[in-house]
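my questions concern the predicted model and sequence given below.
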Amino acid sequence: MKTATLSVIGLGYIGLPTAAVLANAGCTVIGVDINRHAVDTINDGRIHIVEPGLGDMVADVVSSGRLRATTTPEPADAFLIAVPTPFLSDRTPDLRYVRSACEAIAPVLKRGDTVILESTSPVGATEKVAAWLADARPDLVMPKPGEASAADIAIAYCPERVLPGNVLTELVQNDRVIGGMTTACSQAARAIYAVFVEGDCILTDARTAEMCKLTENAFRDVNIAFANELSLICDRLQINVWELIKLANRHPRVNILQPGPGVGGHCIAVDPWFIVSSAPEEARLIRTAREVNDRKPEWVLEQVVSAMTDVAARKGEGAPVRVACLGLAFKPNIDDLRESPALAICERLSQTSGLTVLAVEPHIDALPDSLAGRVQLMNAEAALRSADIVLLLVDHAAFRDAHAYLSPDARLIDTRGLWDGADRQTACARS
C-alpha cells in the first residue's frame, strides 16, 4: 500500500494533516480542495492553517513530490473524504459537502478503488455515500450493508479522533474505528490506515463506527454541560466555582471538567445534534446537555451587560465603554474559530450600542469577516490597559500572565478561571 496513490478530498484541519502523514509514510497523495488559495499555498510547500509541526512536514512531502494539491479529483487507488458536515438551521445534519465530494470523485472511480468517509456524520451517512456513488456510476457495483456479494468499490467509515494542536501525533498513535459496508470493505480500509497508524485498527460495521464518533463527543458534551450548569448555580449562590471543583475533584471517583463560555469546534458543538436528529424521543439527556451549553454564551453576555451598567454609571451617561475580548478560537492555543462561542460572543457585543469592542487573538493575523470593520484587533497589553471591561474567553497560554496589564478600574469577567485568585479577581469573574 505504501506505493499506492491516495486522494484526500478536503484539505482543512483534518484532511491536510492526514494527506501529509500519508505522504510522509511513503504514499503518493493527491489532495483535493475547492479553495484555490489553499491548493496554491500547499503546492508552494506552505500551509493555510495552524497546526504544530504541519508546516515542516508539508514542506518536506511537497518538495519530495509525494504530495500535491489540485481543485479537481484525479484517479487514485483510494479516496478519503474529509469535508465539513455542519447542521442546518433546524439542527438536522447537512451532508451537501459529502454529496458534492462523492459526485466529484465518481467520474474517476475504477474497479478495486476504496472510498472512506472520515467526516463526522450522522448514522446512515456511509450508506448514502454508497447510494450517491451508485447513482453517479451505475456501471460499478457498490456494496450493500451486510451483504457478502462482491462489489467493485469498497466503502467504509473511519472518523478522525484527534485533538487540534496535537493532530500529527494523534493521527499516528490513536486507535482507529473502521466501519465498512461489508467485512471486505472494512479490511480494505484497514490496509490503508495500517500504513501510518501505530494504534489499533478496530473493525466494525459502518453504522456502529458512525455512532461511535458521535457517542464520544456527546459524552464529553454532557460532562461539560454539568460543569457549565454548576457555574450558573455557583454564581447564583455566590460560590467560587473554580475552588468548588478543585475540592470536589479530590474525591477519588470524581473528575468534574472546567466550565467555560460555551462549547465550540466542529465536533462537540455539532455531533450531539446528529444523535438527537436520529432519535429525538430517546436522546433527552443529550439534547438537554446541548441546550445547557448553547445557553452559556447568553449568560456570559448578561454578565457583560451588567458590568456595562456599572461602568456607565461610574463614567457618566454617554461615555463610551470599551470591552476587551481575550480569545476568539474555540479552544486554547489554536487558530480554529469554527463554532467558537468566544467568536459568537464577540460578534454579539460588536452589535451592542455604546460599546467599543477590542479583540485579542494571538493566533490570527486578521479578523473574520463577521467582525471586520466593527472590532479592533489588538495585542493583549494594549487592549487590557485601555479596557473598562475585560472578558477572558479562551485560556490561551499567551494570556496566563496578562492580568498584570489590567487597568486599575477594569471589570474582569474570567469565564475560564485562568486568573482565579489574581488580585484583580471580582465576583463577576466567578462565571
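The structure has been received and is ready for your questions. Keep in mind that what you see is a predicted model, and the values were worked out from it rather than measured.

from here on, contacts and neighbour counts on C-alpha atoms
Noted.

residue 221: how many residues sit nearby?
24 (other C-alpha atoms under 10 Å).

just the helices from this protein, written as ranges.
Counting by DSSP state H, the chain has helices at residues 15-24, 36-43, 54-63, 96-105, 125-136, 167-173, 183-193, 206-237, 241-248, 271-278, 284-315, 341-350, 380-386.

can I get the ones you listed in a markdown table with distance to residue 72?
A markdown table is the format used below for those (distance: least, C-alpha to C-alpha, whole Å):
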| stretch | distance to residue 72 |
| --- | --- |
| helix 15-24 | 15 |
| helix 36-43 | 10 |
| helix 54-63 | 18 |
| helix 96-105 | 8 |
| helix 125-136 | 17 |
| helix 167-173 | 26 |
| helix 183-193 | 22 |
| helix 206-237 | 27 |
| helix 241-248 | 51 |
| helix 271-278 | 29 |
| helix 284-315 | 38 |
| helix 341-350 | 33 |
| helix 380-386 | 42 |
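
tell me the most buried of these?
When those are scored by mean count of other C-alpha atoms under 10 Å, the highest mean neighbour count falls to helix 15-24 (a mean of 25).

starting at the chain centroid, how far to it?
In terms of C-alpha atoms, centre = their mean, to the nearest Å, the centre of helix 15-24 is set 18 Å apart from its chain centre.

that one to helix 54-63, inter-axis angle?
50 degrees (axes from the mean of the first three to the mean of the last three C-alpha atoms, to 10 degrees).

would JSON lines of the helices of the chain with mean pLDDT and distance to residue 115 be doable?
Shown next, in JSON lines, are the helices of the chain (pLDDT from 0 to 100; distance: least, C-alpha to C-alpha, whole Å):
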{"stretch": "helix 15-24", "mean pLDDT": "98", "distance to residue 115": "14"}
{"stretch": "helix 36-43", "mean pLDDT": "98", "distance to residue 115": "22"}
{"stretch": "helix 54-63", "mean pLDDT": "98", "distance to residue 115": "23"}
{"stretch": "helix 96-105", "mean pLDDT": "98", "distance to residue 115": "9"}
{"stretch": "helix 125-136", "mean pLDDT": "98", "distance to residue 115": "9"}
{"stretch": "helix 167-173", "mean pLDDT": "97", "distance to residue 115": "19"}
{"stretch": "helix 183-193", "mean pLDDT": "96", "distance to residue 115": "8"}
{"stretch": "helix 206-237", "mean pLDDT": "97", "distance to residue 115": "13"}
{"stretch": "helix 241-248", "mean pLDDT": "97", "distance to residue 115": "45"}
{"stretch": "helix 271-278", "mean pLDDT": "95", "distance to residue 115": "22"}
{"stretch": "helix 284-315", "mean pLDDT": "94", "distance to residue 115": "31"}
{"stretch": "helix 341-350", "mean pLDDT": "96", "distance to residue 115": "34"}
{"stretch": "helix 380-386", "mean pLDDT": "95", "distance to residue 115": "46"}
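
and residue 373, which of those is closest to it?
helix 341-350 (9.8 Å; C-alpha to C-alpha).

and the angle from the closest one to helix 284-315?
Using the same axes, to 10 degrees: helix 341-350 against helix 284-315 is 40 degrees.

helix 341-350 - contacts with which helices or strands?
helix 284-315, strand 355-360 (3 or more C-alpha pairs under 8 Å, 6 or more residues apart in numbering; DSSP states H and E).

in TSV: these, plus distance to residue 155.
Below are the helices and strands packed on helix 341-350 laid out as TSV (distance: least, C-alpha to C-alpha, whole Å):
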stretch	distance to residue 155
helix 284-315	30
strand 355-360	44
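
looking at those, which is nearest to residue 274?
helix 284-315 (10.2 Å).

ok, residue 400 - contacts?
Applying C-alpha atoms under 8 Å, 6 or more residues apart in numbering to residue 400 gives the contacts 418-419.

quick check: it vs residue 358, distance?
18 Å (C-alpha to C-alpha, to the nearest Å).

residue 175 too?
42 Å.

what's the answer for residue 403, then?
16 Å.

between these two, which is the more surrounded one?
residue 358 (25 against 21).

and that one, bridged to which residues?
residue 324, residue 376 (DSSP bridges).

go on, residue 154?
residue 114.

surely it is in contact with residue 185?
Yes. Using C-alpha atoms under 8 Å, residue 154 is in contact with residue 185, at 4.7 Å.

need the overlap of contacts for those two.
Common neighbours of residue 154 and residue 185 (C-alpha under 8 Å, 6+ apart) are residue 114.
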